[in-house]
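Chemist: sequence? don't have it. structure:
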């Protein structure tokens, strides 16, 4: 058996430490108008959101994340603090049927926009939202990255620090190969 070279191991460990940078990652939000055709095959990385805010940002405190149209209507009325004046049924149950909407008008449910209008929910407030991790800073040491988080907490969304080998940084220095 070969003798283990502790000195060589220590030297390689120090070289690895010198080759590491600390990447500060923050989430950015992409908010896209809802499109009925895209809704069916949408990847799981996108959230379906109802937002009455014109802000391009997403806020889980004010925006409603929903899994389907009936869930949206239920949550919409819960947020308003009132009960829906008509029974909430799923879109496919009401498809091609006439119902009396919350406005007292008769609605023929042939598309999602008409379904939501019958319940008093505005189609224009529907969005697809995706959280995208982005590199906010590249730091030489972890303490520097922690300092940036402390000093800029209001501008960073879900910040985290990832140690990355310098070899894994992209040539422009603005991205990493580790996602």
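Modeler: All right, it came through fine. Only a predicted model underlies this, so the values are computations on that prediction, with no experimental measurement involved.
Chemist: can you give me the strands in the chain?
Modeler: Taking DSSP state E as the test, the strands found in the chain are 20-33, 46-50, 64-66, 98-100, 106-108, 126-139, 160-165.
Chemist: mean pLDDT and distance to residue 73 added to those strands, as TSV?
Modeler: C-beta: built from backbone N, CA, C; applies to glycine. Shown next, in TSV, are the strands of the chain (pLDDT from 0 to 100; distance: least, C-beta to C-beta, whole Å):
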stretch	mean pLDDT	distance to residue 73
strand 20-33	84	19
strand 46-50	72	10
strand 64-66	82	9
strand 98-100	95	12
strand 106-108	94	13
strand 126-139	84	12
strand 160-165	86	36
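Chemist: give me the residue ranges of this protein where confidence is low.
Modeler: Regions of the chain meeting the criterion pLDDT under 70 cover residues 1-17, 36-47, 53-61, 168-179.
Chemist: redo that, cut-off 50
Modeler: Along the chain, segments meeting pLDDT under 50 span 1, 173, 175-179.
Chemist: grab the nearest non-local neighbour of the most centrally placed residue in it.
Modeler: Central residue of the chain (C-alpha atoms, centre = their mean): residue 131, 3.1 Å from the mean position. Counting by C-beta to C-beta, 6 or more residues apart in numbering, the nearest residue to residue 131 once its immediate chain neighbours are dropped is residue 27, at 4.7 Å.
Chemist: can you verify my assumption that that neighbour contacts residue 130?
Modeler: No: applying C-beta atoms under 8 Å as the test, residue 27 and residue 130 come out as separate, 9.8 Å apart.
Chemist: the residue nearest to the centre of the chain pairs with what?
Modeler: Note on residue 131: beta-bridge partners residue 29, judged by DSSP bridges.
Chemist: wait, it touches residue 31, no?
Modeler: No: using C-beta under 8 Å, residue 131 is not in contact with residue 31; the gap is 10.5 Å.
Chemist: what about the closest residue to residue 122 other than its chain neighbours, neighbour count?
Modeler: Of all residues not flanking residue 122 in the chain, residue 116 sits nearest, at 7.1 Å (C-beta to C-beta, 6+ apart). Neighbours of residue 116 under the rule other C-beta atoms under 10 Å: 24.
Chemist: tell me the contacts of residue 116?
Modeler: 69, 72, 73, 122, 123, 126 (C-beta atoms under 8 Å, 6 or more residues apart in numbering).
Chemist: all helices of this structure, in order?
Modeler: Using DSSP state H, the helices of the chain run over 6-18, 36-39, 69-80, 91-94, 112-118, 142-151.
Chemist: how far away is residue 78 from residue 52?
Modeler: Relative to residue 52, residue 78 is positioned 14 Å away (C-beta to C-beta, to the nearest Å).
Chemist: go on, residue 121?
Modeler: For residue 121, the distance to residue 52 equals 10 Å [C-beta to C-beta].
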